[in-house]
Structures are given as structure tokens and as C-alpha cells.
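Novice: Take this sequence and fold it.
(2 chains)
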Protein chains: 2
Amino acid sequence: MLIVALDPPFSSSIEGVGEEIVNSLNPVVSGFKIGLPYIFEYGLEKTRRLRQYTDKELIADLKLADIGHIMSMIVNKLAENGFDSVIAHGFVGVKGALSELKSTCDRLGLKLILVVSMSHPGSMEYIDRHLNELVNNAIELNVHGVVAPATRPSIIRKVREMIGEKIKIYSPGIGVQGAEPGDALCAGADYEIIGRAITNSSNPYEAAIMIKNKQDNRVRSCRG
Amino acid sequence: MLIVALDPPFSSSIEGVGEEIVNSLNPVVSGFKIGLPYIFEYGLEKTRRLRQYTDKELIADLKLADIGHIMSMIVNKLAENGFDSVIAHGFVGVKGALSELKSTCDRLGLKLILVVSMSHPGSMEYIDRHLNELVNNAIELNVHGVVAPATRPSIIRKVREMIGEKIKIYSPGIGVQGAEPGDALCAGADYEIIGRAITNSSNPYEAAIMIKNKQDNRVRSCRG
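Specialist: Next comes the predicted model:
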């Protein structure tokens, strides 16, 4: 239920390129989310090494939004480098973009996760105005999961109602961005994505355990 | 007026990681566009080396669409690695995203280019429905340029009308994607972005010269 966003810089007490965090957190989390800040800082080669330290989901959070040909080239490199899944934007559209990406992901055995709403206020300017359509695209494409923000639980509830139980909901926006651990789970998310509150801590393992406890308490209270 | 998209694989007769192409094309093009397929294939370090072979614009075509905090981290790495400009999606919204990105770009001396429409048919599903708003955002943010597709010249004409002469229009979609060299220039674009027709050629320099000639002929005929 907890996915750790590995965005550098990590706490100064942490050595290496995050292997230590991944290794120590592997038993207690559902996966790790890695984006361009990590890949640009350490390179894809070191990113691939993280695979040795975890058997949990490794998500490439690239928020892809390009034509199909380019996205297909990119996910080929992700599959070669140990990733299990990739995040792309629903708003880039299906024809000539997501349809081709989905075929490539299927061929590579990579899981596709689509952003249908984001945690920042600007998400309401355009993206959220198409929430229904984006979620319907996700259903029709039969993707593995969608991203919806913990900062707006009403959106998570709506997405869950629309997609049923099969498609996973990944929810960022907890901690620095404002939501509390458990908020998104209570609204129907499967996973809460938490970064800085864990990776900036001098003891990421303890920070993760504390967050998991908070999630549990919150979920107990909301499911009553 | 010609920008070369450096997406691997290059023609098998070309050695290295594109330095040869960049070096030979530098005198005849306006810049080079580099995206994740290149950076993932060769790493940021080799990407930085391209800087030695050109004094023209080096554009990072990441089509960024994330929260401001993450996009700012990413463009910091781009500035460190010799890029002049970065492409982001207008669709991600201003508040908490593009406003923060623009400030970071200004501080770094990096030029910001916003996608307001794309060359694939899926662009019409969501992005193009907000063309006016996205262009107005680009104007209000005072960005360096916008991306609009050569495959739909009517969109380029409309964007040019709205933004006046100050903001540059970069136009992909020529060659494999369907538009002819010069189509976008005739519609009002400043730069045409061409990739595979040049980089897949056994002689990229000759291919570029041929395309420039086609651009010139087309522009002469459309401007009477």
C-alpha cells in the first residue's frame, strides 16, 4: 500500500544512489517509483542496479506524453533496465500515442499506468476537466493502473467508482504536498506514493514504518 | 529554419553517438532536438559532449508534464549538461507546474518551449481542444517558443495569429509523419523539426541540404 518515490537528493546520512534505501525498505513497501531526477542524476546503468535490491514493483515515472513511436523507443529502454511499469499521461490521447504505447508495453511485459489527474492545482486547469474521458480511455485500453491525487480524495472516489476493482489506483501528494497518510487509501486508492517524507529522513526505514502505522490507523478509522 | 531531431538509431553508416552528424550539420541547421531515446541510449554525459560540436540551439525535448518541483529538478540537470532550451507540455497547467518551471528556467538561462498541439491524431482528443487557452498561457508566461504540428498547418496559422512575431513556432511532423518540408514555414512556423529523413540517411549532410532546398522552393512559391 506504500510506494516510495526515489527522487534525489536523499538525506545526507544515506550513502550510495539509493540502494541502501531500497534494500532496507524492500520488506515493508509495495514498490519504488523512479523518475527523471533519479535517472538524470545517476544514469540508467545505476538505476538498473536497484533491481538487485528489490523484488517489488519498480515504476518508471516518466509521465510520458509523446507520439507512439517515441514512447515505444523509450519503454524499450525501460524494459531492458529492470523496470516493471511505466507512467504515461492520459491527455496525450489514444490514436497514434497511447494505443501504440500499450501494444509495445504488452509485448515487453511492462505494465502501463496512466495519469488521469495530478496533485498540483494546475491539474484542474485542463487535465481534471477530462477526468471522465481519461478514465474511460484507461478502461478501454485495459491498463494496469491510473494515477490520481491524494490531495483531492473526491477524485479518487470517483475514479474508483468508474473503474471498479481491477485497475489499480496510485496516489501521490502525501506529505510535503498536503495529504495525510491513509487519506487516499480511505478514498479508494490501492497505493500511496510518498517521497521526501521518507527519502529525506535520516532513517528512511523508521520513517516508512511510521507512515505505514499512520496509514493503518487512518484506514481502520475510515473503514470503521 | 531547420532543426534536426537526434533520435537513435542513426543510419548504420554513421559512427559514434551523433557527434559526426552534429558536427557536419552545424553550419547548415538552426539547432538539434534531443529527447529521452537519445539520453537513455547514450547517457547525459555523452549528450553533453555534443555541445562541443555545435554553437546552435540544443533543445531537450522531454515534453515535461510534472509538478513544478520535479520539473525544476530536471531542468537543473539540463542546464548543467549544455542544453539551451527545454520543451514542456502546456497541458500540465500553470499553477504549481509551468509557473515554477518558468521561474527556474529564467534563473538557469534556459529557454522554455511549450507544446500547444501535437502531430499525431490523438492530439485532437484533448490537447487541441484547449489550443486557445494553451497559447494564451504561453503568451502570459512569456515563453521563448511553442510547438505546433506541420501535419496541421491551419493550427500553425492560428497560433501565429495569436502570438504575433515574438514567440517562436517549432514544428515537427515533417517527413515520415506526413508533412512536406516548407509546409509549416509557409503556414508561419519559424523552425521545422526533421528527424528520421536526415538521421536515417547514409549521408545526413546531403539529406539536410536537400531538405533545405525543398524548404526554400516551397517558401518561395507560397510567399509568391
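
Novice: Mind giving me the packing neighbours of the lengthiest strand in chain A?
Specialist: Counting by DSSP state E, the longest strand found in chain A is strand A:57-64. Here strand A:57-64 touches strand A:2-5, strand A:31-35, helix A:68-80, strand A:85-89, strand A:111-115, going by 3 or more Cβ pairs under 8 Å, 6 or more residues apart in numbering or on different chains; DSSP states H and E. All C-beta spots, glycine's among them, are computed from the backbone N, C-alpha and C.

Novice: Nearest to chain B, out of the ones you listed?
Specialist: Closest to chain B of these is helix A:68-80 (Cβ to the nearest Cβ; 4.1 Å).

Novice: And the contacts of the closest one?
Specialist: A:44, A:60, A:62, A:64, A:66, A:86, A:88, A:96-101, A:104-105, A:108-110, B:7-8, B:35-37, B:40-41, B:120 (Cβ atoms under 8 Å, 6 or more residues apart in numbering or on different chains).

Novice: The longest strand of chain A versus strand A:31-35: what angle between them?
Specialist: For strand A:57-64 against strand A:31-35, the angle by axes from the mean of the first three to the mean of the last three Cα atoms, to 10 degrees is 30 degrees.

Novice: Just the buried subset of the contacts of helix A:68-80, please.
Specialist: Applying 16 or more other Cβ atoms under 10 Å in any protein chain shown to the contacts of helix A:68-80, the neighbour count classes A:44, A:60, A:62, A:64, A:66, A:86, A:88, A:96-101, A:104-105, A:108, A:110, B:7, B:35-37, B:40-41, B:120 as buried.

Novice: what about stretch A:3-21, start to end distance?
Specialist: 12 Å (Cα to Cα, to the nearest Å).

Novice: re earlier: how much does the longest strand of chain A deviate in direction from strand A:111-115?
Specialist: 50 degrees.

Novice: measure A:Val94 to A:Ile155 for me?
Specialist: 21 Å (Cβ to Cβ, to the nearest Å).

Novice: Look at the two and report which has more neighbours.
Specialist: Taking neighbours as other Cβ atoms under 10 Å in any protein chain shown, A:Val94 and A:Ile155 compare with A:Ile155 leading, 25 against 20.

Novice: Doesn't the more buried one lie inside a helix?
Specialist: Yes - assigned with DSSP: H, G, I helix; E, B strand; the rest coil, A:Ile155 falls within a helix.

Novice: how much space is there between it and B:Ala60?
Specialist: 31 Å.

Novice: swap in A:Leu114?
Specialist: 24 Å.

Novice: how about low-confidence regions in chain A?
Specialist: Across chain A, not a single residue meets the criterion (pLDDT under 70).

Novice: so what does the longest helix seen in it touch, helix or strand wise?
Specialist: Ranked by residue count and defined by DSSP state H, the top helix of chain A is helix A:204-223. Secondary-structure packing of helix A:204-223 (3+ Cβ pairs under 8 Å, 6+ apart): strand A:2-5, helix A:19-25, helix A:183-187, helix A:196-199.

Novice: Excluding residues flanking it in the chain, which one is nearest A:Pro153?
Specialist: A:Ala187 (3.7 Å; Cβ to Cβ, 6 or more residues apart in numbering or on different chains).
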